[in-house]
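J.: only the shape, not the letters, is given here:
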């Protein structure tokens, strides 16, 4: 199974090879957002500390590891009502 440190290494390598940031990304700049391991797979979400717009997903399934990059498009917030306002339940 892939370790957290190996996932960070893959994210740094992927960012430098595909996204090509200036300056290059080091493993120390890769921050963990979310990480979970099951007996058969691993999934992690990471970001790079000097780029708040890019996120990286590391997925391990059986013997393959995939790194996917995402660009943050926008962030919205919504107020959630605690109780229904029309009296229904």
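T.: Structure received. Everything quoted here is computed from the prediction, not taken from an experiment.

J.: just the helices in this structure please.
T.: Ranges of helices in the chain, per DSSP state H, are 4-14.

J.: quick one, strands of the protein?
T.: According to DSSP state E, the chain carries its strands in the segments 30-37, 41-48, 51-61, 64-71.

J.: would you single out the least confident of these?
T.: Per-segment mean pLDDT for the strands of the chain reaches its minimum on strand 51-61, at a mean of 89.

J.: just how off-centre is that one within its chain?
T.: 3 Å (CA atoms, centre = their mean, to the nearest Å).

J.: partner strands of it, parallel or antiparallel?
T.: As defined by DSSP bridges, the strand partners of strand 51-61 come to strand 41-48 (antiparallel), strand 64-71 (antiparallel).

J.: tell me the buried residues in that strand?
T.: 54, 55, 56, 57, 58, 59, 60 (16 or more other CB atoms under 10 Å). Heads up, the C-betas are built off the backbone N, CA and C, glycines and all.

J.: out of those residues, who's nearest residue 30?
T.: residue 56 (7.8 Å; CB to CB).

J.: next one: residue 23 from residue 10, what distance?
T.: 19 Å (CB to CB, to the nearest Å).

J.: so for those two, which residue has more residues nearby?
T.: residue 10 (21 against 8; other CB atoms under 10 Å).
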